[in-house]
Each structure stands twice: as structure tokens, then as C-alpha cells.
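*Asks:* Okay, predicted coordinates and the sequence, questions at the end:
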Amino acid sequence: MLLKGGVSVLPRLSPSFSISRIHLSKMSTATAPIIPKFISVEGSDINSRSIPDGFIFSLVSYNVLAQVFVKSSLFPHSPSSCLKWKARSQAILNVLRNLGADFLCLQELDEYDGFYKGNLDNNSYSSIYVQRSGQKRDGCGIFYKHDRAELVLEEKIEYNDLVNLNDDGSYSNDRHCDTPANANSDAEPTKGSSPERTTEERGDPNDPRVRLKRDCVGIMAAFRLKDASHHLVIVANTHLYWDPEWADVKLAQAKYLLSRIAQFKTVVSDKFECTPSVLVAGDFNSTPGDKVYQYLVSGNSSLPQLERLDELPIPLCSVYHYTRGEPPFTNCTPDFTNTLDYIFFSPSGNVKPVSFLELPEPDSPDVAGGLPNHHHPSDHLPIGAEFEVIVP
């Protein structure tokens, strides 16, 4: 997500965020969205390389930009025709359909029942979905080709549960603690809002009941692949909080995410007597090298105030870091251009990436002027990979 939680543009940036500026030349007016290709780690188009001995499946992660956040005042650089839902929805569907991934992890999904569920079902996808807490209208969804994978178990992740997490990692029986009336987590800053107004709307930032209640969610599921391997894969999809100045909240969410995945993996392993592989995708609102990213790939954290969370990390590696290096950006506007979206996998598991979805360079004409545009219907770019199942 373009660092937002109800807004589409970052009002101000933390000094820790490095920015790759895009070329602000005249924006292209072509009408067809670009469909990226999977590039083999061997260095050739995935369609032209030799097929490995194992079994292959693909996953794409994409923040599709919730229509509820699309306003011309927030995307003044985008042609107005690119912001209209009728055109944008068809462009997104065109991209998803042509990518043809076995798994789609979508964030900022706010037209799930009215558009995505039915249209992707018509393209052989089944799906599961979790809507954000509170009054938020968007959420996270996992779509999977029902002829390629079977859903065997699922769980939803509500990061607001952090409010009720005790020091020992257990949950409080009081699920309805008295939160200050001005601690409205829906009231996130709009473009140009003052720091004073932002602080007032969020409530007391020193109260953890306020600070941790950000209405962010995730969803995870175990799938049995419908190939000769019958391998079980855990796919998790999430969207972390947006504000770079509340890094402790994002880190708490990342820790909770990994602890929940670790617990879920244990349940799946016991229930199905197997060792499932783990894939974690989403918009982490974190740039390469920051504390959240470092935690996700190392299981370590230097923020002592968050040590109350159980340390149950699953060793993870970023697909793009593993195959080609993190891309220069996955989110692209004139105000902010950097990498926020990732697909992580467990390098100790039975899958390995054999290709990655190509991404444009900062000087590519199709991103000139910022996104969304006629080439890319969201302010984010889809990322993806193909994985080979290594059969013991």
C-alpha cells in the first residue's frame, strides 16, 4: 500500500525512508494494462526454459488499491479516466486473469462481494477473505485455482488482538476494554493534515490500547496441491499499518504475524502429519532494511518494549532478495516511490523460487508521472514468483 490507512498518499516521510524518484515526464495515455512476465532465475523467459524435475506452482501478491481511497484530490497526477471504477476494475481483472497465478494474494480489497469474488470465480478461482476491523471497507483475500489446490484449513488474523495480549502472551478475558472516546482508529490522517489533528484523532499515543488498535488484518490458509506431490503449502496474506513514524506498531504486527503462522504451522503439521511449506505475502508498508524487514528475515528485533511478544519466528527469506535483489520500487507516486510489498518463503522448506515476476525500472516510460495510470491500474505493482516443490 502507498503508506496509507485510509489515505492514498504519504503526508510526510520518516528520515529512515529512502526514496527512488521516478521520472516526472508526461504520462502515457495508452489504454491496455501491462501484463508482466515471469522471469526464470536461470535468466530467461519462464516459457522458454527447461522444466525442472519437481512440480511448479505460482503466487502473485498485489495491492489493488481500494476504490474507497481513490479520489482525484489524492491522485492529481493520474488521468481521471484511470481512477473511475468501471475502467480500473476491468484493467485489474485483465492483469489478474492474464497472470494466471495459482494463488493470488490481494490487499486493499474493498469490492470483494460485488466484483472480485464472482469475476475471479468465473476464471476458476475460489477464495477466502477477511475485512478490516472497525468501519474499514477493505481487506485481504487469497484466491486459488480450485483445480490446482484444495483448501484444507484457514485462520484470520486481527491485529487489534494485540490490545488484549498480556505480558505472558495470553489473551485478556476482557475483550471490550474501555478505549478512550477520541481513540478512533478509523480517523487516520488525510493528505495535508496537520500533526496536531492527527495526534488528536488517534487518541493518546502512549496508551497501548490506542496505539495498537489500527484495524489491520491478515489471513492464512493451508492448501494441498493437486499434483503428484500432494504437498501442503501454508499461504499467508497481510497488510500492515502504514505510518513510518509508528514503526513500533508495525513491528508488533510483524511479530504477531510470525507467531500466529508458527502456531498455525504446528496445527497443520499435527493434523495432517506433514511438514508444510510457508509463503508469506503482502503489503508490509516497510522498506528493505528497516526494522520490520530485518525482523521478518532474521527473527530478531532491537526494540525492547516489544519483547513481551513470544519469540516464535519462522525463518523467512524474501523471494526477490533471493532471486535478483529487492526491486527499486513496488509502490510508485510522485510523492513516494519505494519497495513496500514482499513475498517471503521458508528456505528450509520443500519449495524454492524458480522465477520472479518482472518489474519496471524507475526510468521505464510506463511508470512516468506515477501510478495509477493507463498501464498500471493501482499505485502498487504486482509481484510474484513460481515455486518448485522439491519432493524428498
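*Replies:* It's in.

*Asks:* Please enumerate the strands of the stretch 201-350 of the chain.
*Replies:* 217-225, 232-239, 277-283, 317-318, 331-332, 337-338, 341-345 (DSSP state E, counting those that start in this stretch).

*Asks:* How far does the fourth one sit from its chain's centre?
*Replies:* Strand 317-318 has its average C-alpha position 14 Å from the chain's average C-alpha position, going by Cα atoms, centre = their mean, to the nearest Å.

*Asks:* Using CSV, lay out the strands of the stretch 201-350 of the chain together with mean pLDDT.
*Replies:* Below are the strands of the stretch 201-350 of the chain laid out as CSV (pLDDT from 0 to 100):
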stretch, mean pLDDT
strand 217-225, 98
strand 232-239, 98
strand 277-283, 98
strand 317-318, 96
strand 331-332, 98
strand 337-338, 98
strand 341-345, 98
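
*Asks:* quick one: which of those strands is nearest residue 106?
*Replies:* Residue 106 sits nearest to strand 232-239 of all the strands of the stretch 201-350 of the chain, at 7.5 Å, using Cβ to Cβ. Every C-beta, even on glycine, is put in place using the N, C-alpha and C of the backbone.

*Asks:* angle of that closest one against strand 217-225?
*Replies:* Strand 232-239 and strand 217-225 are oriented at 160 degrees to each other (axes from the mean of the first three to the mean of the last three Cα atoms, to 10 degrees).

*Asks:* Partner strands of strand 232-239, with direction?
*Replies:* strand 217-225 (antiparallel), strand 277-283 (parallel) (DSSP bridges).

*Asks:* so where does residue 89 fall, helix or strand?
*Replies:* helix 85-99 (DSSP states H and E).

*Asks:* now that helix: how far from the chain's centre is it?
*Replies:* Worked out by Cα atoms, centre = their mean, helix 85-99 lies 18 Å from the chain centre.

*Asks:* other SSEs contacting it?
*Replies:* strand 55-63, helix 117-121 (3 or more Cβ pairs under 8 Å, 6 or more residues apart in numbering; DSSP states H and E).

*Asks:* what pLDDT, on average, does that helix get?
*Replies:* What helix 85-99 shows for mean pLDDT is 98.

*Asks:* same check, this time on stretch 378-391
*Replies:* For stretch 378-391, the per-residue pLDDT averages 96.

*Asks:* What residues of it count as buried?
*Replies:* 378-390 (16 or more other Cβ atoms under 10 Å).

*Asks:* how long is it end to end?
*Replies:* From its first residue to its last, stretch 378-391 covers 37 Å (Cα to Cα, to the nearest Å).
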